[in-house]
Each structure stands twice: as structure tokens, then as C-alpha cells.
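Asks: What would the 3D arrangement of this be:
(one chain, ligands or ions: 1)
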Amino acid sequence: MTTYKHSTVPVGGERIEVSGGSFQVPDKPIIPFIEGDGTGADIWRASVRVFDAAVERAYAGKKKVHWMEVLAGQKAFDATGEWMPAESLEAVREFKIAIKGPLTTPVGGGIRSLNVALRQELDLYACIRPVRYFEGVGSPMKDPGKVNIVIFRENIEDVYSGIEFKSGSPEAEKLRQYLKSEFNKNVREGSAIGIKPMSPFGSKRLVEMAIKYAIKKGKKSVTLMHKGNIMKFTEGGFKDWGYELAAEKFAGQVVREDDASAAGSNAVIIKDRIADSMFQQLLLRPSEYDVIATPNLNGDYVSDAAAAQVGGLGIAPGGNVGDEAAVFEATHGTAPKYANLDKINPGSVILSGVMMFEQMGWQEAADMVMRGMESAITAKTVTYDLARQMPGSTEVSTSKFGDCVIAGMQG
Ligand code: NAP
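Replies: Numbers count the residues shown, from 1 in each chain. Alright, predicted model coming up:
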């Protein structure tokens, strides 16, 4: 076991292991958490009480999470001089499943986004964002209850690879000359140039995770969202590799939408939509979509747009999942102006905990938290952000909202 300088490994806890492609979770797992900057501390205090109460009620003491704080962001910088100490990454690598609040992106040259660092270092190749409606939350849609989708966004490749050259730089000019001399392709002088690498390997493993999820959860369809009509080899490749993977690995369990046998079949339907049409479809015919698999940039846009359809980011959870580790996280930022006011909505981290429990196979605890959230929102006891969209609601603090969620759990 690694020795940690700035964290204490909880006594009595055990390590989660990965075997046969799945997480093997003991009854007393050690789970590292990163509190997060800004409002992170307020949110974590409320969320951890909800998680512990759910596990206690679901398993009556048979199971218990042993939380291990690891440092990242401002708290890490103050204690160690580093924004993302190597031992924090090591803790997630060692204990496999972790949860985090929002982190400030330090401003200044040479400092990578901490979130991007985590995803890339641990090869968390899928960003999973479930989007569903909670009855009573203000929404710009007429019928937001029809939105119930899970987005699988590729998390490593695409324009996020970080290969980009500044306008006027010698690198950009050299690349421009090369494209002209080798491929007779014209790029306007002085252009900035970015590279968009997308591989069959990266695309297929993402689509595989999405299809496995759809089969396990009894979902009707998986939609490959892409812009292959314009970017034929990258985005178009994503679509083709997705269909190939479906046929290679899930024969008999999936069927293509354009296959004559699709109608009336119980198999998961695999379909594809051009990215711009996907945004329209989610507004006009959301009930036709269950699971979406998409490259990185499309996924970034569509995740937040879909979250807005059901009432915003304050209650949108997320998970970054790979084959060897998973980190569940708030999808919003640090909202620094509300730090230490006990005001902010902890819903995003609480619902990320639901995803975490599901990944661990602790479905009863996940259901318990979800019931608590539904109950608190139905009772209209909500934090300021939801209260301002919900006529007749009672505004409560972060900690009080946590109490309401706990009170709303049953079983
Ligand atoms: P932000 O922190 O998400 O806050 C923007 C606004 O969104 C807040 O002022 C608030 O709006 C609302 N909001 C966000 N979270 C909320 C919650 N839990 N409950 C209720 N309302 C919430 O975005 P930002 O101000 O652009 O970013 C601040 C810092 O966070 C930056 O350093 C950024 O890099 C970082 N960031 C981190 C992550 C991450 O760690 N995953 C993600 C995004 C940004 P109102 O004031 O209207 O109530």
C-alpha cells in the first residue's frame, strides 16, 4: 500500500479491486474524496451525511464507506504548493472509485485544468451524464418529464487532445507549409491550427460502455451523435466504428434502426443522428432518446444543453469512468461568491453519489438517496437556485437541504 504524506488511510477500510472488467467492492470500501474549492466544503458536508445515512438505512450497518480525504485544488496548493499532488492521483488509482467537488481552474500559463489532468492521467475515458427531470423544478420545456437520457461523452480524444498552435507561431506556419507541400491543402496564412485526432480504439470502447449500460438497464436505444456529414473521417469514423463495434460485440442483443427487423424487436436499437439535428430532437422529441454516445466536443455541448432543459446545472450529476478507476463529480464550478454561506445547492454532488453507488453495485443505497432527493424537491424545500424557479417553495440552506433529503428516505 502507498504511504500518503497528506492523507490518512482509514483504519478498518478495504480496497476496491478491479477484476474481469468490473469493480469488486467490499462491504467496507475506502473511498477517496476531494472536497473541492469555493462552495465545495459546504456541499461536501451536506452530501457526506446524505451518503452515510443512505448506506446505514439500506444495509443496517453491514456496509459502510470509509471516506479518505485527498487534496486537490486550493486546499492542496495551500498545504503542499501543488494544485494536484501526485499522491492524490495515486490514491484514486489505488482505491479505484472516488468522488469530488468542483475545483478552481488556476489562472496562469502552464497549469493544466485539474479536471482534465485527472481524466487523462487515470484514462477515465467516458464522461457519463444522466439527465432526468425532478417534478416541480422550473424548466423552459412544456413537458420536461419526457427527458430521461444518459449521455456517454468520449473524454480523452477529439479537439481536447491539446494539440493546438497559435496564430503566427513558427509551429503553425511550419504545419501550414507542410499541408500545402505534402497534401496540396490550403490553410489561410496566419491561421491558428488545432488537431482533432479520433481513433477506432477510443471511439469503440466508449460506444461499448454505452451499449453495455443500455442492455443492463433495459434501455430501448443507443444513439451515436456525430457531425460525420462534414468531418467524414473523424466524426464519420466515430459513427462507422460505433456500428461496427455493435455488430462485432453485441450480435443478437442490438439491432440497427435501418434494419427491417428493428420494428417490434426487443433488442437495443442502435441509431445515429447528426449533432445539430440531435439538439432539435432533444427539444422536440426527447422521449425517443435514452442513451447517447458521442465524441468529446459534441458531448460537452449536449450535456449542458440537456441539463438546462430539465432545470439547470445545480442538480446535474456526472461521472468520469474508465476500466481501472472512476471519479464522480459535480458538473458545476466552484461558485466562489457563495463560499461558506451554507447557501449553494448540493444536489449535483448528491446525485453524483447516486451514480457512484450504482457503479459500486450498491443499488439500494442509490435508490435511497434518489428517493430522498425526489421527496425534498416534491415538498418544495429547496435551495435558493431552485426556489427562485418554484412558486410556493420554501428556501432552505445547503445543510438543511441535506436534512430534508435524509428525512425523505424510506425503508
Ligand atoms: P460556476 O462555479 O458553475 O458558477 C456559475 C453560477 O452557476 C453561479 O454563480 C450560480 O448562479 C450557478 N451555480 C453553480 N453551481 C451551483 C449550485 N451548486 N447551486 C446553485 N447554483 C449554482 O461557474 P464559474 O463561475 O464560471 O466558475 C467558477 C470556477 O469553477 C472557475 O475556476 C472554473 O474554472 C471552475 N469550474 C470547475 C468545474 C469542475 O470542477 N468540474 C466546472 C466548471 C467550472 P447564480 O449566481 O445565478 O445563482
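Asks: which residues touch the one residue in the stretch 201-350 of the chain that gets nearest to the ligand?
Replies: With C-beta to the nearest ligand atom as the measure, the residue in the stretch 201-350 of the chain that lies nearest the ligand is Gly333; the distance is 2.5 Å. The way it works is simple: take the backbone N, C-alpha and C, and place the C-beta from them, glycine included. Neighbour list for Gly333: Gly38, Pro102, Thr104 [criterion: C-beta atoms under 8 Å, 6 or more residues apart in numbering].
Asks: all helices for the stretch 251-400 of the chain, in order.
Replies: If you assign secondary structure with DSSP state H, counting those that start in this stretch, the helices in the stretch 251-400 of the chain sit at 275-284, 296-309, 347-360, 363-378, 384-387, 398-407.
Asks: deepest of the ones you listed, which one?
Replies: Greatest average neighbour count among those goes to helix 347-360 (a mean of 25), per mean count of other C-beta atoms under 10 Å.
Asks: average pLDDT across that one?
Replies: Computed over helix 347-360, the mean pLDDT rounds to 97.
Asks: Using a markdown table, please lay out the helices of the stretch 251-400 of the chain together with distance to the ligand.
Replies: Supplementary listing: the helices of the stretch 251-400 of the chain in a markdown table, determined by distance: least, C-beta to the nearest ligand atom, whole Å:
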| stretch | distance to the ligand |
| --- | --- |
| helix 275-284 | 21 |
| helix 296-309 | 10 |
| helix 347-360 | 6 |
| helix 363-378 | 13 |
| helix 384-387 | 4 |
| helix 398-407 | 9 |
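Asks: Sort out which of the contacts of Gly333 are buried, if you could.
Replies: Listed as buried from those are Gly38, Pro102, Thr104; burial here means 16 or more other C-beta atoms under 10 Å.
Asks: Pick out whichever of these sits closest to Trp44.
Replies: Nearest to Trp44 among these is Pro102, at 10.5 Å by C-beta to C-beta.
Asks: Which helix or which strand is home to the closest one?
Replies: Assigned by DSSP states H and E, Pro102 belongs to no helix or strand.
Asks: coming back round to it: which among the buried ones among the contacts of Gly333 are in contact with the ligand?
Replies: Of the residues in the buried ones among the contacts of Gly333, proximity to the ligand by C-beta under 6 Å from any ligand atom holds for Pro102, Thr104.
Asks: Heading C-terminal from the lowest-mean-pLDDT helix or strand in the chain, find the next helix or strand.
Replies: For the chain, the helix or strand with the lowest mean confidence is helix 114-121, at a mean of 82 (criterion: mean pLDDT, DSSP states H and E). Next along the chain after helix 114-121, taking DSSP H and E as the criterion, comes strand 126-132.
Asks: So is whichever helix or strand comes after that next one next to the ligand?
Replies: Past strand 126-132, further along toward the C-terminus, the next helix or strand under DSSP H and E is strand 148-154. No: between strand 148-154 and the ligand, judged by C-beta under 6 Å from any ligand atom, nothing touches; the nearest distance is 13.5 Å.
Asks: tell me the average confidence for the helix or strand that strand 148-154 is followed by?
Replies: Downstream of strand 148-154, the first helix or strand assigned by DSSP H and E is strand 164-165. Per-residue pLDDT values over strand 164-165 give a mean of 95.
Asks: List the contacts of whichever helix or strand comes after strand 164-165.
Replies: Next along the chain after strand 164-165, taking DSSP H and E as the criterion, comes helix 170-183. Contact partners of helix 170-183, identified using C-beta under 8 Å, 6+ apart, comprise Phe165, Lys166, Lys185, Asn186, Val187, Glu189, Ser191, Ala192, Ile193.
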